[in-house]
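*Asks:* Pasting a predicted model and its sequence here:
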Amino acid sequence: MRHNKKFNHLGRTSSHRAAMLSNMACSLIMHKRIATTLAKAKALRVYVEPILTRSKEDNTSNRRLVFALLKQKEAVKELFGVVADKIGNRPGGYTRILRTGFRLGDAAEMCIIELVDFNENMLKESAPKKAKRTRRSSKKTAEPAAEAPAVEAAAE
């Protein structure tokens, strides 16, 4: 029976899985987004979110705990510097998973996992869209024609 065995083993031994997740977490911190399979991205999200929460408070204890998981000095430096400044006021949910389709070779579902505060395209507020006009309604096409002579009269 598999009681209380909830996490995905990803078809790897425990040491291989730990090394892979550590490498993927370092890549995510350094590059702010990585492309991977959906199963690995979901496992990585569970692994990296507590690390990102620890980075919000910069002290020796947290740095040592994070270094024990990541094992890369440059990634720890980047995490406690640039990344911690951006996520400092966010209460959680530091990562976003965007599905990108299926891989050609084995049809594995692919995705992009990224740090939420570093995607400038999604941070920009979208411009208000103009109301669409359809050709089916005669009222909407008749109104601008009625307004046009009034505008010309005001211009003269």
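*Replies:* Right, received. Where do you want to start?

*Asks:* Can you get me a residue count around residue 131?
*Replies:* 6 (other CB atoms under 10 Å). (Glycine included, C-beta is placed from N, CA and C.)

*Asks:* Please determine how far it is located from residue 118.
*Replies:* As judged by CB to CB, to the nearest Å, residue 131 and residue 118 stand 34 Å apart.

*Asks:* In three-state terms, label the residue nearest the centre of the chain for me.
*Replies:* Using CA atoms, centre = their mean, the residue of the chain that lies closest to the mean C-alpha position is residue 96, 2.7 Å off. State at residue 96, reduced to three classes by DSSP: H, G, I helix; E, B strand; the rest coil: strand.

*Asks:* So for it, what's the pLDDT?
*Replies:* Note on residue 96: pLDDT of 96.

*Asks:* in the sheet, who's paired with it?
*Replies:* residue 114 (DSSP bridges).

*Asks:* if I read this right, it contacts residue 117, doesn't it?
*Replies:* No. Residue 96 is not in contact with residue 117 according to CB atoms under 8 Å; the separation is 9.9 Å.

*Asks:* which residues in the protein form strands?
*Replies:* 33-37, 95-102, 109-115 (DSSP state E).

*Asks:* Can you say which of the ones you listed is packed in most?
*Replies:* strand 109-115 (a mean of 18; mean count of other CB atoms under 10 Å).

*Asks:* export that strand as CSV, just CAs?
*Replies:* Extracted C-alpha coordinates of strand 109-115, given in CSV (Å, rounded to 0.1, in the frame of the first residue of the first chain):
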residue,chain,number,x,y,z
GLU,A,109,3.4,17.5,-22.2
MET,A,110,5.9,20.4,-22.2
CYS,A,111,5.7,23.7,-20.4
ILE,A,112,7.6,26.7,-19.3
ILE,A,113,8.0,27.4,-15.6
GLU,A,114,9.0,31.0,-14.7
LEU,A,115,9.3,33.3,-11.8
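
*Asks:* and that strand with strand 95-102, angle?
*Replies:* Comparing the axes of strand 109-115 and strand 95-102 via axes from the mean of the first three to the mean of the last three CA atoms, to 10 degrees yields an angle of 160 degrees.

*Asks:* Give me the contacts around strand 109-115.
*Replies:* Here strand 109-115 makes contact (CB atoms under 8 Å, 6 or more residues apart in numbering) with 28-29, 32-39, 41, 44-45, 83, 86-87, 94-103.
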